[in-house]
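S.K.: Sequence and predicted structure below; questions after.
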Amino acid sequence: MYKNILFLTTALLVIGCTPKQEGCNVRDKSDFEQLFTRDEIYHNSLVNTQKAQLMASFETKALLTATYLNPVFEKRKCKKRFKNEMSDAEYFFVGVYITNSEKHEFNKKGYALTLDGLPPIEVKELDKDDPLRYEMPMVDNWSHYYKVKFKKTMKNEFTLIFENDRFGRDVLHYSKGEKALFLSLKD
């Protein structure tokens, strides 16, 4: 009896910890190995993520998190899973939370998002179960998320500006170089 239980437990452990193969070698490590290895996609996303906050009377009126997607997608080698190489424009994953608002639309009610003063070419609201939401850092249940496309810029450093006609503006500095995190603030 004990031998059967021990055998069954061992078999379940071996099956549960074997490497799983998904398309494009996304998960080529076992679940146990994944606990101790760094997730490169998440790390690259985190390095290229910044937060903007609009405040009035010491109260946050709007919160925006923006991840610059171009460097994240450049490092992916799987053409089958990630078809859009994002070389035609500048792409951002944007999360917006606006207090006392049900829709959290950053391009309405006096809010604007610009890249070096230029408005976005395309704004696509993402569904709750969009795969991009699962890979990005700083995702919560209260914000609405968008994939925002801006005109391609030739500059290596640029600014993403989140502003409101009543609450002011916050400027996020991004770079196409390796060290997008810890940029010096020039404002």
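M.R.: Now that the structure is in, tell me what you want to look at. Residues are numbered from 1 along each chain as shown.

S.K.: what about the strands in the protein?
M.R.: 49-56, 59-68, 89-98, 111-115, 122-125, 144-151, 157-164, 168-175 (DSSP state E).

S.K.: Need the winner for burial among these.
M.R.: strand 89-98 (a mean of 22; mean count of other CB atoms under 10 Å). To be clear about C-beta, it is placed using only N, CA and C from the backbone, and glycine gets the same treatment.

S.K.: What does the residue nearest in space to the middle of the chain show for phi and psi?
M.R.: The centroid of the chain falls nearest to Met136 when counting by CA atoms, centre = their mean (3.5 Å). Main-chain torsions, Met136, degrees, to the nearest 10: phi -90, psi 150.

S.K.: residues touching it, list them.
M.R.: Contacts here follow CB atoms under 8 Å, 6 or more residues apart in numbering; on that basis Met136 touches Ser45, Thr49, Thr67, Phe93, Tyr145.

S.K.: mind giving me JSON lines with the strands of the chain and columns for mean pLDDT and distance to Ile41?
M.R.: Formatted as JSON lines, these follow (pLDDT from 0 to 100; distance: least, CB to CB, whole Å):
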{"stretch": "strand 49-56", "mean pLDDT": "92", "distance to Ile41": "12"}
{"stretch": "strand 59-68", "mean pLDDT": "92", "distance to Ile41": "11"}
{"stretch": "strand 89-98", "mean pLDDT": "92", "distance to Ile41": "12"}
{"stretch": "strand 111-115", "mean pLDDT": "93", "distance to Ile41": "23"}
{"stretch": "strand 122-125", "mean pLDDT": "92", "distance to Ile41": "20"}
{"stretch": "strand 144-151", "mean pLDDT": "93", "distance to Ile41": "16"}
{"stretch": "strand 157-164", "mean pLDDT": "93", "distance to Ile41": "21"}
{"stretch": "strand 168-175", "mean pLDDT": "93", "distance to Ile41": "18"}
